[in-house]
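**Student:** sequence? don't have it. structure:
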């Protein structure tokens, strides 16, 4: 390469293959550059040219598989990457990408094997350790969990490697550790992407143009949480709301409501640069990132600075660590002042809870208990968190409750692969009949919500607790028991309880958590009183008042925008 500037690498590689079309290595490198740029089609074309020069070469096959994976073609992705891995069994990078493809193809246990193989090839590389750790958490495979976690935390602490910040949220870490993790990841992107040129002169017509960027605008937790808020924003004529959907139209009722409530721009499949340009063309004043470091997020778009103010909100419960993000939107329970030093952004505190909710969620009548796999009688403790949020500590706490409440059962969301069997084995190992664990497969949202009518108490997890799931449970009338921790991710359920006036369900220790769960499990009258309190709070406390939420959101946004227009830097606001 003629220069070390990675921003010019793609252009140089395009020139190289024009002048030397038989250069196999250049085509492979160009495929990587195009894929890194978010242009899957261009990456696939370059990989195909490489394969035309060297049929079946594992490096070219790997890029072909990665391109298919980016476009959601799981069968083609796994086929290409399996071929590559067979030919290059000692290549850790190919094994890692094969794990990603198998994961999205629903081959959970095979994905675990691929991640483990990659890790064994490079056991000192924290990125590989982190992927193995994350996937073992999803499969409730708790072998070597403490050792892998210690390795990943040490790498983050000592600056010894880059790991994915979203997976790091599941570790029992501090806010400053999460900041170090996110910063390291953001620095990699910042070194490779240049911001767009400064925007043209603003019109100043009085309309505040909001942009929201996400891959969840549909039947997805992000869409479910935000749709009623966007509908409430229509009452504010001075606000223009634009959604930039990284996901294709899933033709769900939620997607239809989002399209009716906002101006929705379908940017699925576009390169990072094209998405950023679409945002810039709409002259967005404030751009809210509703994905962050979560799967399917596009920090490469935000790094281009398509909007003059950019805000981290809702989907990623932690700091971005990124120089291109100005604010994080929060509330004072989820992100108290003591945690502010762990954030690279300035904090903008909303007047109520930071999390909106869909107030049009219908709650039907569930099947009979027997049809749900539940016993005819006995207390039903529920935890419908995703499997990666379970861990030995949280699960042992739940089993301790079952041991003390006769006839009770624990109702769980069925996990991928053999996760359910592993949980049953863990229960037996602690002296609990595995038959007291009941698993619910993933259901359409309305059917899932209806099941909460059979649940007496939701048992939350640590350190990554229920977020959308907690909102679902509370909306459906099921109280949530939680133990708020010292990170945003561990305080969301507590925030919802707090804003409902149910702080007594926010316990201070594991012992208090178990004690209260057992007390409620043994006292049907206390459970009835708690449900009545929740019903009244839902109606009157304001957590589910989206008109009020929209007003507070808009007032805070105006203050952020006014400071910018006055040439003032972001500061903490409430």
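**Tutor:** Received it, and whenever you're ready, just let me know what you need. Values in this document were obtained by computation on a predicted structure and should not be read as measured data.

**Student:** contacts, neighbours, all on C-alpha from now
**Tutor:** Will do.

**Student:** biggest helix in this structure by residues?
**Tutor:** In the chain, with assignment by DSSP state H, the single longest helix is helix 546-565.

**Student:** Give me the pLDDT value at residue 204.
**Tutor:** What the model reports as pLDDT for residue 204 is 65.

**Student:** now do residue 361
**Tutor:** Looking at residue 361, its pLDDT is 89.

**Student:** Surely residue 530 is within a helix?
**Tutor:** Yes: applying DSSP: H, G, I helix; E, B strand; the rest coil, one finds residue 530 inside a helix.

**Student:** which residues sit against the longest helix of the chain?
**Tutor:** Residues external to helix 546-565 that are found in contact with it (C-alpha atoms under 8 Å, 6 or more residues apart in numbering): 208, 228-230, 232-233, 239, 285-286, 309, 348, 350-352, 356-357, 359, 542, 569-570, 573-574.

**Student:** how distant is that helix from the center of its chain?
**Tutor:** The chain centroid and the centroid of helix 546-565 are separated by 25 Å, computed with C-alpha atoms, centre = their mean, to the nearest Å.

**Student:** next one: stretch 238-246
**Tutor:** Averaging C-alpha coordinates over stretch 238-246 and over its chain gives two centres that are 20 Å apart (C-alpha atoms, centre = their mean).

**Student:** and what of stretch 53-61?
**Tutor:** Taking C-alpha atoms, centre = their mean, the mean C-alpha location of stretch 53-61 is offset from the chain mean by 34 Å.

**Student:** That one: which residues count as buried?
**Tutor:** Along stretch 53-61, these residues count as buried under the neighbour rule (16 or more other C-alpha atoms under 10 Å): 53, 56-61.

**Student:** Just the element for residue 481, please.
**Tutor:** Assignment of secondary structure by DSSP states H and E places residue 481 within strand 480-481.

**Student:** Average pLDDT for that strand, rounded please.
**Tutor:** Mean pLDDT, strand 480-481: 98.

**Student:** just curious, which of the buried residues of stretch 53-61 is nearest to residue 43?
**Tutor:** Using C-alpha to C-alpha, residue 60 comes nearest to residue 43 of the buried residues of stretch 53-61, at 10.4 Å.

**Student:** Go ahead and confirm the closest one touches residue 50.
**Tutor:** Yes: between residue 60 and residue 50 there is a contact under C-alpha atoms under 8 Å: 5.9 Å.

**Student:** what's the overlap in contacts for the two?
**Tutor:** Common neighbours of residue 60 and residue 50 are listed as residue 28 (criterion: C-alpha under 8 Å, 6+ apart).

**Student:** In the longest helix of the chain, which residues are buried?
**Tutor:** Using 16+ other C-alpha under 10 Å as the burial criterion, the residues of helix 546-565 that qualify are 546-547, 549-551, 553-554, 556-557, 560-561.

**Student:** tell me what whichever helix or strand comes after the strand holding residue 481 is packed against?
**Tutor:** Proceeding C-terminally, strand 480-481 gives way to helix 492-499 as the next helix or strand, assigned by DSSP H and E. Counting by 3 or more C-alpha pairs under 8 Å, 6 or more residues apart in numbering; DSSP states H and E, the packing neighbours recorded for helix 492-499 are helix 468-475.

**Student:** and residue 13, what is it in contact with?
**Tutor:** For residue 13, counting by C-alpha under 8 Å, 6+ apart, the contacting residues are 26-27, 29-30.

**Student:** What values do phi and psi take at residue 192?
**Tutor:** According to degrees, to the nearest 10, the main-chain angles of residue 192 amount to phi -110, psi -10.

**Student:** now the residue nearest the centre of the chain, nearest residue through space, not along the chain?
**Tutor:** The residue lying closest to the centre of the chain (C-alpha atoms, centre = their mean) is residue 294, at 3.9 Å. Setting aside the residues directly before and after it, residue 294 is nearest to residue 166 in space (C-alpha to C-alpha, 6 or more residues apart in numbering), at 5.5 Å.

**Student:** Look up phi and psi at that neighbour.
**Tutor:** As for residue 166, its main-chain torsions (degrees, to the nearest 10) stand at phi -60, psi -50.

**Student:** Next up, the contacts around it.
**Tutor:** Counting by C-alpha under 8 Å, 6+ apart, residue 166 touches 293-295, 316.

**Student:** now those residues in a markdown table, with distance to residue 482, pLDDT and secondary structure?
**Tutor:** Converted to a markdown table, those look like this (distance: C-alpha to C-alpha, whole Å; pLDDT from 0 to 100; DSSP: H, G, I helix; E, B strand; the rest coil):
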| residue | distance to residue 482 | pLDDT | secondary structure |
| --- | --- | --- | --- |
| 293 | 25 | 94 | coil |
| 294 | 23 | 86 | coil |
| 295 | 25 | 78 | coil |
| 316 | 19 | 94 | coil |
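
**Student:** give me the number of residues near residue 12?
**Tutor:** The burial count assigned to residue 12 is 17, neighbours taken as other C-alpha atoms under 10 Å.

**Student:** can you put the contacts of residue 166 in TSV and add distance to residue 522?
**Tutor:** What follows is the contacts of residue 166, written out as TSV (distance: C-alpha to C-alpha, whole Å):
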residue	distance to residue 522
293	42
294	39
295	41
316	37
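
**Student:** and the two most separated of those?
**Tutor:** Most distant of the contacts of residue 166, by C-alpha to C-alpha, are 295 and 316, 10.0 Å apart.

**Student:** who's more crowded, these two?
**Tutor:** Neighbours per residue (other C-alpha under 10 Å) separate residue 295 from residue 316, with residue 316 holding more: 21 against 12.

**Student:** for that one, what are its contacts?
**Tutor:** For residue 316, the contacting residues are 166, 290-294, taking C-alpha under 8 Å, 6+ apart as the criterion.

**Student:** between those residues, which is nearest residue 441?
**Tutor:** In terms of C-alpha to C-alpha, no member of the contacts of residue 316 lies closer to residue 441 than residue 294, at 23.2 Å.

**Student:** residues in contact with that closest one?
**Tutor:** Going by C-alpha under 8 Å, 6+ apart, the list of residues near residue 294 reads 166, 315-316.

**Student:** out of those, which one sits closest to residue 426?
**Tutor:** Distance to residue 426, by C-alpha to C-alpha, is smallest for residue 166 among the contacts of residue 294, at 26.0 Å.

**Student:** hmm, back to that, on contacts alone, who are the packing partners of the strand holding residue 481?
**Tutor:** Applying 3+ C-alpha pairs under 8 Å, 6+ apart, one finds that strand 480-481 makes contact with strand 457-459, helix 468-475.

**Student:** Can you tell me which of the ones you listed is most buried?
**Tutor:** When neighbours are counted by mean count of other C-alpha atoms under 10 Å, the highest per-stretch mean among the helices and strands packed on strand 480-481 falls to strand 457-459, a mean of 27.

**Student:** Could you please name the strands it pairs with and the direction of each pair?
**Tutor:** On the basis of DSSP bridges, the sheet neighbours of strand 457-459 come out as strand 380-383 (parallel), strand 480-481 (parallel).

**Student:** Run through who's touching the shortest one.
**Tutor:** Among residues not part of strand 480-481, those counted as contacts by C-alpha under 8 Å, 6+ apart are 457-460, 470, 473-474, 493, 497, 505-507, 513, 517.
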